[in-house]
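Trainee: Below: sequence and its predicted model.
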Amino acid sequence: MNEQDTSTTQPIRFVGKRQQGGGYGKPPGRSDDFLTQVEPGTPCGEFMRRYWHPVGVSSKVTTDPARVRILGENLILFRDGQGKAGLLHEHCAHRGTSLYYGKVENEGIRCCYHGWLFAVDGSCVEQPCEPGGGQHRDKCRQPWYPVQERYGLVFAYMGPLDAMPPLPQYDVLEDLGADEELQQEDKSFYIGGGVSQDKPVAPYSWLQNFENVMDPFHVVILHSRFSGVQFREQMAAMPAVEWEQCDHGVMYRSVRQTKEGTLTRITQTLLPNVRIVPSIELAPGQGREVAWLVPVDSHHHRTFGVARVLKSEDPLYSRRSRMAVFEGKTWWEMTEDEHKRFPGDYEAQSTQGSIPAHSDEHLATSDKGLVMLRRMLARQIRVVQEGGTPEGAGQDGAMVSVKAGNFFE
Ligand code: FES
Ligand SMILES: [Fe+2]
């Protein structure tokens, strides 16, 4: 091609013009599907399906069928008349009516359309319109997932049954004293979350919330210096930070000098989506809340948390002193203008996009934890692709010893 060729069949080349520094010609950003897509059959979706995920708070799972969407699948969560929790695909195996409109009975849930009755394990117990109540009903099984209840949450396993791991236990949630209890939350978030009782779903990928856990420097800027102290004033000091791989996750140690002495704060992630952040009120000792950032689908997530608390304390999740307050208002009470003056986790994370354009990022030294997390995730997704068991999805994840905490010396 000679220099004068202006053929319209040639691709437009922006190189050079971009170097002038303008925004003109920037190629569209791309997100990393490998790490963010969680629907069935995707690499990360298959990886996610090797672990247990909370899908509801036990006390809220009743004989009233509830819709839940997890990993891009529409499901119905209910408790049968015998007290067993069940999680079934939403659409009836007969002809697709939603079991949301079903009726829960002693033995399971009955579809409103032709009355097929499904047990919590999906087996079809009755087909009232069929001869003999359904002589071939054993040929039909409603797609279902195993559930187990622990710590006041209902956990589901949505992967291949022959790869089902033990449901993990966490030392910090075990062996409660007589004066202690566990409190559960299905919309646990630090600053805001954009979620409410009716809308527990945050409109962006689980991954940006997970990455935020390994980002100790946003605590200094976003939560301490940018618009005032959101947690505790000690967090405004720039910490010395070290990250390391720990068990089946990444954790960091941030060290600050405070008036109470040297504070070492350890924050922990565990595959695939567990967050253990020590007390933001800087209560000393081991972190006492475990939370799960559960993908609703690739573009939405919700957060379940369990905290070990003293019965004599104010309930943790509604404690006003634990919330960031701006001019007397909590996140939920602020106007949009006040959110602009006092942005928190929700504003920072949700505006990265429902999935960020990863190709547009400029990662820096302070992002080391996030990079470690992404690399670990990618490695373990590949393990699943190659037919193996990812870290933490076997006996190695059965009992977790929590390292996170605030330690003063
Ligand atoms: S569609 Fe459910 S019983 Fe017919
Ligand atoms: Fe934060």
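Mentor: Great, that's in hand. Residues are numbered from 1 along each chain as shown. Ligands and ions are numbered 1, 2, ... in the order given.

Trainee: How is the protein partitioned into domains?
Mentor: 56-148, 165-408 (automatic domain parsing).

Trainee: what's the first-to-last distance across the longest one?
Mentor: End-to-end distance of domain 165-408: 36 Å, with C-alpha to C-alpha, to the nearest Å as the criterion.

Trainee: Quick check, the residue in the stretch 101-250 of the chain closest to ligand 2?
Mentor: Going by C-beta to the ion, ligand 2 is nearest to Y190 of the stretch 101-250 of the chain, at 5.0 Å. For every residue, glycine as well, the C-beta is placed using N, CA and C.

Trainee: would you turn the domains of the chain into CSV with distance to Y24, mean pLDDT and mean neighbour count?
Mentor: Formatted as CSV, these follow (distance: least, C-beta to C-beta, whole Å; pLDDT from 0 to 100; neighbours: other C-beta atoms under 10 Å):
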stretch, distance to Y24, mean pLDDT, mean neighbour count
domain 56-148, 37, 97, 18
domain 165-408, 15, 94, 18
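
Trainee: check which helix or strand covers the residue nearest to the spatial centre of the chain.
Mentor: With distances taken as C-alpha atoms, centre = their mean, the residue of the chain nearest its centroid is L293 (1.0 Å). Assigned by DSSP states H and E, L293 falls within strand 289-297.

Trainee: who does that strand pair up with?
Mentor: Applying DSSP bridges to the sheet, strand 289-297 is found paired with strand 274-276 (antiparallel), strand 300-310 (antiparallel).

Trainee: Output stretch 215-231 as CSV - backbone C-alpha positions only.
Mentor: Extracted C-alpha coordinates of stretch 215-231, given in CSV (Å, rounded to 0.1, in the frame of the first residue of the first chain):
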residue,chain,number,x,y,z
ASP,A,215,-7.4,-2.9,48.7
PRO,A,216,-6.1,-1.4,52.0
PHE,A,217,-5.3,2.0,50.5
HIS,A,218,-8.9,2.9,49.7
VAL,A,219,-9.5,2.8,53.5
VAL,A,220,-7.1,5.7,53.8
ILE,A,221,-8.5,7.8,51.0
LEU,A,222,-12.2,6.9,50.5
HIS,A,223,-13.0,6.1,54.1
SER,A,224,-10.8,8.5,56.0
ARG,A,225,-9.4,11.5,54.1
PHE,A,226,-11.5,12.3,51.0
SER,A,227,-14.6,13.5,52.8
GLY,A,228,-14.0,12.8,56.5
VAL,A,229,-13.7,9.9,58.8
GLN,A,230,-16.1,7.1,57.9
PHE,A,231,-14.7,4.3,60.1
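
Trainee: And the strands in the stretch 51-200 of the chain, which stretches?
Mentor: Along the stretch 51-200 of the chain, counting by DSSP state E, counting those that start in this stretch, strands occupy 52-57, 66-70, 73-79, 85-89, 103-104, 109-110, 117-118, 124-126, 144-145, 147-150, 153-157, 169-170, 180-185.

Trainee: Now tabulate those strands in CSV and tack on distance to ligand 1.
Mentor: CSV is the format used below for the strands of the stretch 51-200 of the chain (distance: least, C-beta to the nearest ligand atom, whole Å):
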stretch, distance to ligand 1
strand 52-57, 22
strand 66-70, 16
strand 73-79, 12
strand 85-89, 12
strand 103-104, 12
strand 109-110, 8
strand 117-118, 9
strand 124-126, 9
strand 144-145, 15
strand 147-150, 22
strand 153-157, 22
strand 169-170, 38
strand 180-185, 32
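
Trainee: Among the ones you listed, single out whichever gets nearest to A324.
Mentor: strand 180-185 (16.5 Å; C-beta to C-beta).

Trainee: Remind me what the closest one packs against, helices and strands.
Mentor: Using 3 or more C-beta pairs under 8 Å, 6 or more residues apart in numbering; DSSP states H and E as the contact test, the elements touching strand 180-185 are strand 300-310.

Trainee: So is the strand it packs on next to ligand 2?
Mentor: No: residues of strand 300-310 are not located near ligand 2 by C-beta under 5 Å from the ion, the shortest gap being 12.4 Å.

Trainee: How about residues contacting the helix or strand that that strand is followed by?
Mentor: Using DSSP H and E, the helix or strand that follows strand 300-310 towards the C-terminus is helix 336-341. With contacts defined as C-beta atoms under 8 Å, 6 or more residues apart in numbering, helix 336-341 is touched by 192, 227, 326-327, 329, 331, 347.

Trainee: so which of the residues you listed comes closest to ligand 1?
Mentor: Nearest to ligand 1 among these: G192, at 40.3 Å, using C-beta to the nearest ligand atom.

Trainee: Now do the helices in this structure.
Mentor: Using DSSP state H, the helices of the chain run over 33-36, 43-48, 206-213, 217-220, 336-341, 345-350, 368-385.

Trainee: Which of the ones you listed sits closest to G405?
Mentor: Of all the helices of the chain, helix 206-213 sits nearest to G405, with 14.6 Å by C-beta to C-beta.

Trainee: helices or strands up against that closest one?
Mentor: Applying 3+ C-beta pairs under 8 Å, 6+ apart, one finds that helix 206-213 makes contact with strand 261-270, strand 274-276, strand 289-297, strand 300-310, helix 345-350, helix 368-385.

Trainee: Return the distance of the third one from the chain's centre.
Mentor: Think strand 289-297. Its chain's C-alpha centre lies 2 Å from the corresponding centre of strand 289-297 when counted by C-alpha atoms, centre = their mean, to the nearest Å.

Trainee: do it and ligand 2 meet at all?
Mentor: No: for strand 289-297, no contact with ligand 2 is found by C-beta under 5 Å from the ion; the gap never falls below 12.5 Å.

Trainee: Give me the contacts around that strand.
Mentor: Contacts with strand 289-297, where a contact means C-beta under 8 Å, 6+ apart, come from 38-39, 48, 53-55, 69-72, 151, 170, 172-173, 188, 201, 205-206, 209-210, 273-277, 279, 301-308, 316, 402.
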